[in-house]
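K.L.:
Dropping a prediction and its sequence here:
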Amino acid sequence: MWLSTSYYPTYSAKGSFTYRAKGFTLVEILLVVVIIGVMAGLALLALGGNESRLLQLEASRLQQRLLLAQDEAGFRQQNLGLQIDSDGYEFLQYDEDNDQWLPLQDPKLSQHQFELPVNLRLELEGSPLLIAPNREESPGGASQAGIGDQATQPNILLLASGENSAFSLVLSLKDDGSRQSNGQHPTQVLSSDGFSPITRVSQVGP
């Protein structure tokens, strides 16, 4: 079957011009449609893979910063802490003179906002701890404590003695219904028993 789109002249043996149909066959058109569909599917898979890699990058960055903060706490002989909300985290330092926690002034441990929407689940000493939402998401706005609020205590302590809170922090991608996960949900788990180094484990589950 031919789908004609134009005509082009050809020179015959008798010295006259004839016109033949020039176009695409149905098979060729279907082949193009299949190729476009495959490329679109690959693009969706690549997007999901990029999000998984971003999640791994976020967890790895947080792990390295926690390890660095542990070293800083021992070097400074000052208690530090990590304050987490639904959008990011900030390191704090304890001000003994005023008995309060203040943002840590260190460019290596600056405040960080997650590069993609994540779900967070935190446990301290085996007990779940509610993570505060971001100010903009909190019903009541400024009345809710958030990153940088001096009235807020850190979620995870990093002590000058070298010890830290025994914790488990699970990071996973927020499912907005648009991701092609095939039933697999990547997660990153940061944990420590309070004495051993902070570890990170990648997991994939239903």
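P.N.:
That came through fine.
K.L.:
Report how many residues lie close to the residue lying closest to residue 116 once chain neighbours are set aside.
P.N.:
The shortest distance from residue 116 to any non-neighbouring residue, by CB to CB, 6 or more residues apart in numbering, is to residue 54 (5.1 Å). Bear in mind the C-beta positions are built from the backbone N, C-alpha and C, glycine included. By the measure other CB atoms under 10 Å, the count of residues near residue 54 is 15.
K.L.:
Please, which helix or strand holds residue 54?
P.N.:
Using DSSP states H and E, residue 54 sits within helix 26-76.
K.L.:
Residue 194 now?
P.N.:
Short version: residue 194 belongs to no helix or strand, going by DSSP H and E.
K.L.:
Excluding residues flanking it in the chain, which one is nearest it?
P.N.:
residue 166 (3.9 Å).
K.L.:
For that neighbour, give me its contacts.
P.N.:
When contacts are counted by CB atoms under 8 Å, 6 or more residues apart in numbering, residue 166 touches 124-126, 192-194.
K.L.:
surely residue 171 meets residue 118?
P.N.:
Yes: between residue 171 and residue 118 there is a contact under CB atoms under 8 Å: 5.2 Å.
K.L.:
Now do the shared contacts for those two.
P.N.:
55, 58.
K.L.:
which residues pair with the spatially closest residue to residue 190 that is not a sequence neighbour across the strands?
P.N.:
If the residues on either side of it in the chain are set aside, residue 190 comes closest to residue 169, at 4.6 Å by CB to CB, 6+ apart. Residue 169 has the following beta-bridge partners by DSSP bridges: residue 122, residue 190.
K.L.:
Contact partners for residue 169?
P.N.:
Residue 169 neighbours (CB under 8 Å, 6+ apart): 62, 84, 120-123, 156, 189-191.
K.L.:
Residue 109 now?
P.N.:
Here residue 109 is in contact with 65, 68-69, 72, 91 (CB under 8 Å, 6+ apart).
K.L.:
tell me the phi and psi of it?
P.N.:
Dihedral pair for residue 109: phi -130, psi 50, per degrees, to the nearest 10.
K.L.:
What does the pLDDT read for the residue nearest to it when sequence neighbours are not counted?
P.N.:
Counting by CB to CB, 6+ apart, residue 109 lies nearest to residue 91, which is 4.4 Å off, once chain neighbours are set aside. On pLDDT, residue 91 comes in at 97.
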